[in-house]
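**Student:** Structure, please.
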Amino acid sequence: MRLPLLLVSLLTLALMALSAVWVVVPLSGDVAGAVRQASRSLQISSQIKDFRGQDLGSYVDETRYVVPLESIPARIQRAFIAAEDDQFWKHKGISLKGMMRAAIANAKRDRFAQGGSTITQQLVRQLLLPREKTLVRKLREIVLAITLERQMSKKEILGLWLNSVYLGNKSWGVEAAARHYFNKHVHQLSVAEGALIAGLPQAPSLYAPHLRPNLARKRQLYVLQRMKRLGWLKTTDYSTARRVKVAVQPKRDLIVEQVPWVTETARVELWKRLEQKNLPSSGLLVNTSINKDWQLDLQRLVDQKARTLPRSGLEIAIMVIDSTSGEIRSLIGGADFKQSQFNRAIDLDRPLGAAIYPLMFVWGVEKGLMSVDGYSSIAEAAVKSRFAEAEQIAPEIGYGVVREKLADLGFHVAEAAAIDELKGSPVSLARAYLGVGGSKQEIAMSSGLISNVKSNGEVLYSRALSEAAESLPDSLAWVMRQWMSIGSRVDSEALAGQPLLKSVKGWNAWWIIPRTDVVITAWVGSEHNEPQSPEVFRQSDRLMDELLAEWMRRNLKPTSLGDTPEGISFQLSRGAPGTPVTRIPLLIPGSGLF
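**Tutor:** Numbering: from 1, shown residues only. Okay, the predicted model is just below:
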């Protein structure tokens with residue numbers, strides 16, 4: 001395999017060399033003008049909007065600061081040239097030596113992995129060409145690079161590249177990198193500091209100083225050694241720079257965010273949908289399903305309440321989904337975004353326990369089940385046991401049917417030894433209860449919050465709609481909300497009257513509130529599944545009760561379980577002596593559900 005690839009590589013090298021002959025390279029139009037225009041476009045911000053078009057924030061262009069080449073010290077210029085293209089001042093756009101080195105490396109790896117690009121080639125590739133690694137693109141890159149060198153001075157090429165090269169962690173250009181990594185301007189950088197960032201263009205993530213300091217240090221020493229070997233750094237200065245231990249600033253997020261969980265979730269989703277990893281330079285309009293007012297208020301409440309959360313490794317997550325459209329309106333992925341960016345609202349995977357039990361009552365009613373042992377009706381079993389009798393209902397429905405229905409809802413049933421061991425997240429749980437909330441039309445079933453993405457008016461992505469995973473008849477959805485609301489005071493004084501179920505499994509507590517306007521789910525749990533004292537769990541339970549109750553009071557209309565539909569009767573159920581009689585709604589046989 002390697003010999004043919006070596007031959008192909010050498011043949012490719014020969015073709016590239018032939019194409020590089022000055023007299024045969026045709027002009028490719030105004031390449032210089034195209035490069036200048038593309039460079040200016042890098043300063044466009046990517047805007048993120050809520051579902052009404054209100055600004056949520058932006059992936060701002062402050063991560064790229066344009067500075068004239070004269071403001072970039074010669075020592076910094078030389079560090080980058082030594083690392084990336086030591087023949088920059090001599091070649092005409094391409095380096096035959098670099099292409100030979102790449103051809104040999106490709107043959108050794110048995111794949112096309114390197115391209116031997118000069119700084120000029122990197123500039124035209126970044127600004128004018130697609131990202132795929134193909135021979136056609138490489139040849140276009142060569143022609144454009146040589147043409148650019150005929151139309152633009154070396155200094156301008158170097159200045160544009162130094163102001164647009166990506167240097168990791170949303171830093172574009174040397175000035176942005178200097179501010180991010182050292183809290184300095186580029187003209188203030190030492191040789192050692194300049195060598196550190198000059199080593200980043202090859203692989204910013206691999207050599208990231210915050211994440212991989214040892215690899216970053218090795219790369220820095222390589223750059224210093226190259227500068228010394230080229231005669232651009234005196235032996236004494238080289239020795240001094242080697243001994244210096246540069247102090248990288250603590251990692252900071254340069255994006256000014258009002259709603260960090262939203263903007264970060266949108267960023268991750270963009271990467272998945274569009275592979276859009278260069279957001280500061282994209283100029284995108286990102287429309288989301290988020291309600292800005294709800295999100296800001298929920299974030300404020302979390303910031304206030306989280307201060308009182310017991311300091312014992314507890315975390316929280318909240319999801320609010322529109323019952324009608326299925327779209328995410330608000331989310332909180334953790335108690336403190338600055339401390340941890342792990343989005344528990346979407347990516348959590350913890351045992352749900354009894355949180356799915358009401359769904360089995362739904363399926364029992366659909367199957368025609370009228371009673372449960374020990375109770376006069378399935379309705380009484382639901383209300384009095386707070387759905388705990390789901391374990392009796394599951395065999396009646398059939399375990400195979402239950403597991404199939406749970407799989408249809410998106411749960412990974414194969415990984416659960418028992419039904420109450422099923423794992424999920426706030427978003428997966430909320431999706432499962434959309435039918436109970438009353439959803440039955442086409443909805444946005446993905447776990448994302450981006451509605452569409454546009455660039456210069458062109459739609460790059462638009463979320464497709466799908467049928468609700470569990471669409472219920474109005475009467476059944478209404479009855480389920482009633483059953484969940486009756487007795488909710490037992491679970492929570494603050495949330496009494498809401499269609500509520502609370503579940504605790506291990507060190508995980510869940511809240512499910514399927515209203516007709518929104519479905520709310522929440523989680524409080526031990527971050528590392530470490531044991532917690534009963535008192536700590538009680539405190540966190542009260543905290544979430546109060547937080548959700550206050551947020552609903554400030555942002556939602558009073559609880560509405562919906563008008564009583566046809567086909568409903570009521571059963572009078574007596575509790576302990578002295579307690580009021582409870583009217584439990586029943587579905588009438590023959591109403592179309594049995």
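
**Student:** Now the element after whichever strand or helix holds Gly98, going C-ward?
**Tutor:** Secondary-structure assignment from DSSP states H and E places Gly98 in helix 96-109. Sequence-wise, the next helix or strand downstream of helix 96-109 (DSSP H and E) is helix 119-128.

**Student:** quick one: the helices in the stretch 51-200 of the chain?
**Tutor:** 74-84, 96-109, 119-128, 135-151, 154-164, 174-182, 191-198 (DSSP state H, counting those that start in this stretch).

**Student:** Can you add distance to Lys502 and give those helices back as JSON lines?
**Tutor:** Bear in mind the C-beta positions are built from the backbone N, C-alpha and C, glycine included. Formatted as JSON lines, those follow (distance: least, CB to CB, whole Å):
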{"stretch": "helix 74-84", "distance to Lys502": "58"}
{"stretch": "helix 96-109", "distance to Lys502": "55"}
{"stretch": "helix 119-128", "distance to Lys502": "53"}
{"stretch": "helix 135-151", "distance to Lys502": "57"}
{"stretch": "helix 154-164", "distance to Lys502": "53"}
{"stretch": "helix 174-182", "distance to Lys502": "44"}
{"stretch": "helix 191-198", "distance to Lys502": "51"}
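
**Student:** now for these, which one comes closest to Leu352?
**Tutor:** helix 174-182 (40.9 Å; CB to CB).

**Student:** How about residues contacting the closest one?
**Tutor:** 62-67, 72, 76, 80, 162-163, 165, 167-171, 184-186, 188-189, 193, 196-197, 200, 209, 246-249, 252, 254 (CB atoms under 8 Å, 6 or more residues apart in numbering).

**Student:** next SSE after the least confident helix or strand in the chain by mean pLDDT?
**Tutor:** The weakest-scoring helix or strand in the chain, judged by mean pLDDT, DSSP states H and E, is helix 2-20 (a mean of 50). Under the assignment DSSP H and E, the closest C-terminal helix or strand after helix 2-20 is helix 31-41.

**Student:** Gln498 sits in which helix or strand?
**Tutor:** Per DSSP H and E, there is no helix or strand for Gln498.

**Student:** Also Ala522?
**Tutor:** strand 518-526.

**Student:** just checking, what packs against that strand?
**Tutor:** Counting contacts by 3 or more CB pairs under 8 Å, 6 or more residues apart in numbering; DSSP states H and E, strand 518-526 packs against strand 314-322, helix 426-432, helix 434-437, strand 508-514, helix 534-555.

**Student:** In CSV, list the ones you listed along with mean pLDDT, mean neighbour count and distance to Gly93.
**Tutor:** Shown next, in CSV, are these (pLDDT from 0 to 100; neighbours: other CB atoms under 10 Å; distance: least, CB to CB, whole Å):
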stretch, mean pLDDT, mean neighbour count, distance to Gly93
strand 314-322, 94, 26, 53
helix 426-432, 93, 26, 50
helix 434-437, 82, 26, 58
strand 508-514, 95, 25, 60
helix 534-555, 92, 17, 59
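
**Student:** Just send these back as JSON lines, with distance to Leu139 too.
**Tutor:** JSON lines is the format used below for the helices and strands packed on strand 518-526 (distance: least, CB to CB, whole Å):
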{"stretch": "strand 314-322", "distance to Leu139": "50"}
{"stretch": "helix 426-432", "distance to Leu139": "46"}
{"stretch": "helix 434-437", "distance to Leu139": "52"}
{"stretch": "strand 508-514", "distance to Leu139": "57"}
{"stretch": "helix 534-555", "distance to Leu139": "58"}
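
**Student:** could the helices of the stretch 51-200 of the chain go into CSV alongside mean pLDDT?
**Tutor:** Below are these laid out as CSV (pLDDT from 0 to 100):
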stretch, mean pLDDT
helix 74-84, 95
helix 96-109, 65
helix 119-128, 90
helix 135-151, 88
helix 154-164, 94
helix 174-182, 90
helix 191-198, 96
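
**Student:** re earlier: off-centre distance for the strand holding Ala522?
**Tutor:** On the basis of CA atoms, centre = their mean, to the nearest Å, strand 518-526 sits 19 Å off its chain's mean C-alpha point.

**Student:** strands paired with that strand, and their directions?
**Tutor:** strand 314-322 (antiparallel), strand 508-514 (antiparallel) (DSSP bridges).

**Student:** want to throw those strands into JSON lines with distance to His91?
**Tutor:** As requested, those are exported to JSON lines (distance: least, CB to CB, whole Å):
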{"stretch": "strand 314-322", "distance to His91": "55"}
{"stretch": "strand 508-514", "distance to His91": "61"}
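
**Student:** right, and these - which one's nearest Lys305?
**Tutor:** strand 314-322 (8.6 Å).

**Student:** average model confidence for the helix or strand following the closest one?
**Tutor:** With elements assigned by DSSP H and E, the helix or strand that comes after strand 314-322 is strand 328-332. Strand 328-332 shows an average pLDDT of 96 in the prediction.
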